[in-house]
Structure formats: C-alpha cells, structure tokens
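1. 3D model of this:
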Amino acid sequence: MHHTYNMLMFNIMHQTYMSMSDIMHHTYNMSIFDIMHHTYNMPMFNILHHTYKMTMSDIMHHTYNMSMFNIMHQTYNMSMSDIMHHTYNMSIFDIMYHPNDMLHKNNY
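-> Okay, here's the model as predicted:
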C-alpha cells in the first residue's frame with residue numbers, strides 16, 4: 001500500500017484503523033494535551049477543564065498563577081467580605097472592624 005499508492009504512513013494508519021489523535025499520540029509521541037491544543041485548536045483552559053477534570057479555580061490558580069482571592073473575587077463575583085469570611089475563616093466582626101489590618105497582617 002505504502003509504496004504502490006505512494007501514500008503517507010499517516011494516511012494509511014488513519015484510513016485503515018487509527019484515529020488522528022491516536023496516531024499522533026502513539027506514533028509521534030505527542031501528549032494528549034499538545035494534540036488537542038495544536039491539532040484541534042482547543043484553548044488550554046478547555047483542555048485542562050474537560051480532559052483533566054480540573055476545576056476552574058485550580059486552573060486559574062496553578063496555570064495562570066492567579067491568587068485565590070482574585071479568582072473568587074473576579075470569577076465567582078464574591079464580595080471581599082464573603083471571601084475573607086468563608087475562605088480565611090475571619091469573623092464578620094474582624095472584617096468590618098479592621099479589614100485592611102487583617103489583610104496586611106496575614107499577607108492576604
């Protein structure tokens with residue numbers, strides 16, 4: 001087949017039995033991530049979210065180095081006091097009384 005019809009090995013494998021991603025993964029040793037990113041033009045976020053089941057906050061925190069505070073504030077539209085209360089277990093009293101002091105003291 002290969003020499004007679006002058007077909008590329010890729011075409012033979014694809015038409016005969018292998019999917020494009022399988023060929024690239026096994027034959028060219030491409031990672032599933034690279035295949036999806038470059039071949040199917042999937043954004044990095046979608047790959048991590050759908051393929052590796054990463055949560056949105058994990059992706060933004062680890063991949064884009066966003067602080068947990070920014071993620072919760074910008075992505076989930078949480079108010080500053082809610083974030084401090086639920087995430088950092090601060091009492092509502094502390095938040096209302098001296099939020100800036102607490103932020104600086106705890107490096108939040």
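2. how many other residues sit next to residue 77?
-> Residue 77 has 8 neighbours, counted by other CB atoms under 10 Å. Heads up, the C-betas are built off the backbone N, CA and C, glycines and all.
3. So for it, what pLDDT did the model give?
-> Looking at residue 77, its pLDDT is 71.
4. Please apply the same query to residue 1.
-> At residue 1, pLDDT is 47.
5. Next one: residue 80 from residue 19, what distance?
-> For residue 80, the distance to residue 19 equals 48 Å [CB to CB, to the nearest Å].
6. With neighbour numbers in mind, choose between those two.
-> residue 80 (13 against 10).
7. separation between the more buried one and residue 50?
-> Counting by CB to CB, the gap from residue 80 to residue 50 is 31 Å.
8. With residue 81 instead?
-> For residue 81, the distance to residue 50 - CB to CB - is 33 Å.
9. How about residue 79?
-> For residue 79 relative to residue 50 (CB to CB), the value is 30 Å.
10. can you check residue 11 too?
-> 29 Å.
11. what do you get for residue 34?
-> Taking CB to CB, one finds residue 34 at 16 Å from residue 50.
12. who has more neighbours, these two?
-> Between residue 34 and residue 50, counting by other CB under 10 Å, residue 34 is the more crowded of the two (14 against 11).
13. Helix or strand for that one, just tell me which one.
-> For residue 34, the element it lies in under DSSP states H and E is helix 32-34.
14. Is residue 46 within a helix or a strand, and which one?
-> Counting by DSSP H and E, residue 46 is found in helix 44-46.
15. repeat for residue 54
-> Counting by DSSP H and E, residue 54 is part of no helix or strand.
16. mind checking how far it is from residue 22?
-> Residue 54 is 23 Å from residue 22, by CB to CB.
17. Show the average pLDDT along the helix or strand encompassing residue 82.
-> Per DSSP H and E: residue 82 is located in helix 80-86. For helix 80-86, the mean per-residue pLDDT is 69.
18. one step back: higher neighbour count, residue 54 and residue 22?
-> residue 54 (17 against 13).
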